[in-house]
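Peer 1: mind looking at a prediction? Sequence and model below.
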Amino acid sequence: MVKVAIMKFPGTNCDEDVHHVLKNVIGLDSEIVWYKEYVTNRYDAVVVPGGFSYGDWLRAGAIAARNVVMERVAEDVSRGVPVLGICNGFQILVEAGMLPGALILNSSGRFVCRWIRLVVENARGPWLSLARDRIMLDMPIAHAEGRYYIDEETYRRIANVSSIIRYAQGWNPNGSLYDIAGIADEKGLVLGLMPHPERASEPELVPRGFSPGGRIIFDSLAYSLKKGW
Amino acid sequence: MVEVVITNKRTVRDPEGETIHKHLILRKGFNSVKNVRAGRYLLFAVESETPEKALEIVKEICEKLRIYNPVVHDIEVRLRG
């Protein structure tokens, strides 16, 4: 039986939302796993959900990223286990060095919470297997440290290789370089994004003028775990 | 005691410092101030044989535990007093 781990650190608070979507909307077996109890070789995929791990102290994600559990997650990645980081989960993956770049304080200097529009480029891998290239997706963001930063040289190296989720033109809410909202590693196995797909997977939660763009990420996972990617 | 000061690199914008500069300092007429950078300050109390050794320990911590993020930050590690 396929099983997805939803990693919970002290301060993680989107774990129940992800669990609800995986279980009740997508129909995937998943389990909220306290970070100390995560063991390698047990799960078919891992979601690091949003929240405020360790109170965002030092930097968002910085303390969780140095925990030994992230070494275990990296070990599972090297065996082909897909990992998704949402919001604070994305910050943790970046701080852990599993994804390139950095996430720093929004250019407004403030917490921003609103719906935005995204475009997916080079869609592939387990998290985007059902997304066609250039697909537009709507999701909400809710973060203070979401300004994506990457040095030019690294960006040029990955720009045509990795899946990139960008804020659509005019929708960049935080000053992210190259409008980057999310990025995957070169294989597409590890994906991180600031927007919340779990809050955009059911029509009931979507405001007028937007559509539930998050669902395709979890649908892709369910499809990929069954059929490969 | 070892001080660690973390600031954004020159190439990385610092909205907090910019706001303090533009909306407080310049508005109150202190035009000689050309730039303000906000950052983070940590003070380490270290037990060691010599101050230099304490400095080394903190430098090692900053690198190994990523107290700063080398992608976006500059760091200054120095002895206090």
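Peer 2: In hand now; what should we look at?
Peer 1: and stretch A:156-168, what's buried?
Peer 2: By 16 or more other CB atoms under 10 Å in any protein chain shown, the buried positions in stretch A:156-168 come out as A:158, A:162-167. Every C-beta, even on glycine, is put in place using the N, C-alpha and C of the backbone.
Peer 1: again with stretch A:177-186
Peer 2: A:177-185.
Peer 1: for these, which one is nearest A:D29?
Peer 2: A:A184 (23.9 Å; CB to CB).
Peer 1: which non-adjacent residue is nearest A:A131?
Peer 2: A:A123 (4.1 Å; CB to CB, 6 or more residues apart in numbering or on different chains).
Peer 1: repeat for A:I141
Peer 2: Spatial nearest neighbour of A:I141, excluding adjacent residues (CB to CB, 6+ apart): A:P195 at 4.9 Å.
Peer 1: check A:V33 too.
Peer 2: A:A5 (4.6 Å).
Peer 1: among the buried residues of stretch A:156-168, which lie within helices?
Peer 2: Within those, residues falling in helices by DSSP state H are A:I158.
Peer 1: where's the residue nearest to A:I141 relative to A:D17, distance?
Peer 2: 13 Å (CB to CB, to the nearest Å).
Peer 1: of the two, who's got more company?
Peer 2: Neighbours per residue, other CB atoms under 10 Å in any protein chain shown: of A:P195 and A:D17, the larger number sits with A:P195, 30 against 19.
Peer 1: assign the more buried one to helix, strand or coil.
Peer 2: Per DSSP: H, G, I helix; E, B strand; the rest coil, the local secondary structure of A:P195 is coil.
Peer 1: that one against A:V120, yeah?
Peer 2: No: between A:P195 and A:V120 no contact is recorded; they are 11.5 Å apart, counting by CB atoms under 8 Å.
Peer 1: give the residues shared as contacts by these two.
Peer 2: Common neighbours of A:P195 and A:V120 (criterion: CB atoms under 8 Å, 6 or more residues apart in numbering or on different chains): A:I165.
Peer 1: can you pull the alpha-carbon coordinates of the helix or strand hosting B:A54 into CSV?
Peer 2: According to DSSP states H and E, B:A54 maps onto helix B:51-64. The C-alpha coordinates for helix B:51-64 follow below in CSV (Å, rounded to 0.1, in the frame of the first residue of the first chain):
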residue,chain,number,x,y,z
PRO,B,51,39.6,34.6,23.1
GLU,B,52,41.0,33.5,19.8
LYS,B,53,39.8,30.0,20.4
ALA,B,54,36.3,31.2,21.2
LEU,B,55,36.3,33.1,18.0
GLU,B,56,37.3,30.0,16.1
ILE,B,57,34.6,27.9,17.7
VAL,B,58,31.9,30.5,16.8
LYS,B,59,33.2,30.8,13.2
GLU,B,60,33.0,27.0,12.9
ILE,B,61,29.4,27.0,14.3
CYS,B,62,28.4,29.7,11.8
GLU,B,63,29.6,27.7,8.9
LYS,B,64,28.6,24.2,9.9
